[in-house]
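Asker: just need the structure, nothing else, for what follows:
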Amino acid sequence: MELTEEAKAAIAKEFEELSRKNNETLQELNIYKWALRLIFVLIFGGTIVGVLKLQDYLDDRIQKRNEELSGIIYGSVAQNSNDASTAIDQYYAFLDKLENPILRPSDQVRAIYFLRFIQALADANATDPTGEFESKSVYFALLDSKYFKKDEHSNKQRWLADPNYLNPWGRCLVKFGATPKEVESAKDYFQQATMIAQKPSNIAENHFALAMLSLAKGDEDPARQNFQKAMKISPKSHGPKEFTGAYVNDLENEYQIWRRAAKVFNNPNIDSRYERVMKSLIAKATNVASK
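Answerer: Numbering: from 1, shown residues only. Below you'll find the model as predicted:
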């Protein structure tokens, strides 16, 4: 999912500020260089070792600052390259850095960071042998983060008005919810997204998600209705011609999400329910088109 122009500008401004602080640190180090050199020379007996140790110290400090700021940058690059797993690793590594007041981004950029983190968690679909998603522990680490809790509370209303948050958060609830109630709570987010998303394809994808959630519960009629809405709203992305009726083929890299949801609801065999409903809709659309 690409960043908006507003988000790009905010991040650019933030990293410009971080770079300025970095330069100020280097200037500060330069000012105290001779004092540091004296300390190192005294420690190491006035030999060349003292000078070399000083340079190692300066290089190490600069390198560590750059490494500590790399998580957001590398994570965003990986995410824009459709590598959600690597993005998660980078974002997760940066999570602990929020405790450092020097490295902590502004509230605005932190909100973007958390949004991107949530999107990556929603997109990474590797599972372990039990069928649980490998990123599950990272998801709960994010929820436990002091600054995520703080920012979620202060940004909740704004996030609830952003379809770029609503759909990924809904998918995270489906992927990581431990009880039927937790998975079912995703419905509110998908429904809200259908009402505020601007692009037809985004509206349709949330109707599609609602349909899959209904199928996971075993409810085929509401699933059929939401599939039809998706097809009507965005024929280009969700029209009958875009599907074959084969579960894994149609769902592509998201088929595991809904299998897990069906498991939580104790309604296995979502594959057959999907194929039954979707093939009937494809057949109906084909008959209408032939008349």
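Asker: figure out how far the helix or strand harbouring Arg116 is from the centre of its chain.
Answerer: Here Arg116 is covered by helix 107-123, with elements defined by DSSP states H and E. The chain centre lies 6 Å from the centre of helix 107-123; the measure is CA atoms, centre = their mean, to the nearest Å.
Asker: for Gly245, see how far away Ala122 is.
Answerer: For Ala122, the distance to Gly245 equals 25 Å [CB to CB, to the nearest Å]. Yep, even glycine has a C-beta here, placed from its N, CA and C like the rest.
Asker: ok, Asn167 next?
Answerer: Asn167 is 24 Å from Gly245, by CB to CB.
Asker: neighbour count winner among the two?
Answerer: Between Asn167 and Gly245, Asn167 has the larger neighbour count (other CB atoms under 10 Å), namely 25 against 17.
Asker: got the contact list for the more buried one?
Answerer: Ala122, Tyr189, Phe190, Ala193, Asn202, Glu205, Asn206, Ala209 (CB atoms under 8 Å, 6 or more residues apart in numbering).
Asker: repeat that for Leu251.
Answerer: With CB under 8 Å, 6+ apart, Leu251 has these contacts: Trp258, Tyr274.
Asker: figure out the helix or strand that it lives in.
Answerer: With DSSP H and E as criterion, Leu251 is part of helix 247-251.
Asker: check which residues of stretch 249-265 are buried.
Answerer: Buried residues in stretch 249-265, defined by neighbour count with 16 or more other CB atoms under 10 Å: 250-251, 254-262, 264-265.
Asker: can you pick out the most distant pair from these?
Answerer: Asp250 and Val264 (21.2 Å; CB to CB).
Asker: picking up where we left off before, which among the buried residues of stretch 249-265 gets closest to Glu134?
Answerer: Distances from Glu134 to the buried residues of stretch 249-265, taken by CB to CB, are shortest for Gln256, at 10.9 Å.
Asker: show me where the stretch 1-150 of the chain has its helices.
Answerer: Per DSSP state H, counting those that start in this stretch, the stretch 1-150 of the chain carries helices over the ranges 5-31, 33-43, 48-68, 70-80, 84-95, 107-123, 136-144, 146-159.
Asker: buried stuff in the last one?
Answerer: By neighbour count with 16+ other CB under 10 Å, helix 146-159 contains the buried residues Tyr147, Phe148, Asp151, Glu152, Asn155, Trp159.
Asker: what angle sits between the very next helix or strand once past that helix and helix 146-159?
Answerer: On the C-terminal side of helix 146-159, the nearest following helix or strand under DSSP H and E is helix 163-176. Between the axes of helix 163-176 and helix 146-159, defined by axes from the mean of the first three to the mean of the last three CA atoms, to 10 degrees, the angle is 130 degrees.
Asker: tell me the angle of helix 163-176 relative to helix 107-123?
Answerer: 40 degrees.
Asker: off-centre distance for helix 163-176?
Answerer: Per CA atoms, centre = their mean, the displacement of helix 163-176 from the mean C-alpha position of its chain is 9 Å.
Asker: next one: the helix or strand containing Ala230 to chain centre, how far?
Answerer: In this structure, Ala230 sits in helix 220-233 according to DSSP H and E. Centroid separation between helix 220-233 and its chain, computed with CA atoms, centre = their mean, is 27 Å.
Asker: mean confidence for whatever helix or strand comes next after that helix?
Answerer: Sequence order places helix 235-238 as the next helix or strand after helix 220-233, per DSSP H and E. For helix 235-238, the mean per-residue pLDDT is 96.
Asker: which outside residues touch helix 235-238?
Answerer: Helix 235-238 has contacts (CB under 8 Å, 6+ apart) with Pro200, Ser201, Ala204, Glu205, His207, Phe208, Ala230, Met231, Lys241.
Asker: do that again at 6 Å, thanks
Answerer: Ser201, Ala204, Phe208, Ala230, Met231 (CB atoms under 6 Å, 6 or more residues apart in numbering).
Asker: and the buried ones among those residues, selectable in PyMOL?
Answerer: Selection of buried members from the contacts of helix 235-238 for PyMOL, criterion 16+ other CB under 10 Å:
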select buried, resi 204+208+230+231
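Asker: would you format the contacts of helix 235-238 as TSV with pLDDT included?
Answerer: Output for those, formatted as TSV (pLDDT from 0 to 100):
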residue	pLDDT
Ser201	96
Ala204	98
Phe208	98
Ala230	98
Met231	97
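Asker: okay, the contacts of helix 235-238 in CSV with distance to Ser214 next?
Answerer: Compiled in CSV, these are given as follows (distance: CB to CB, whole Å):
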residue, distance to Ser214
Ser201, 20
Ala204, 16
Phe208, 11
Ala230, 12
Met231, 15
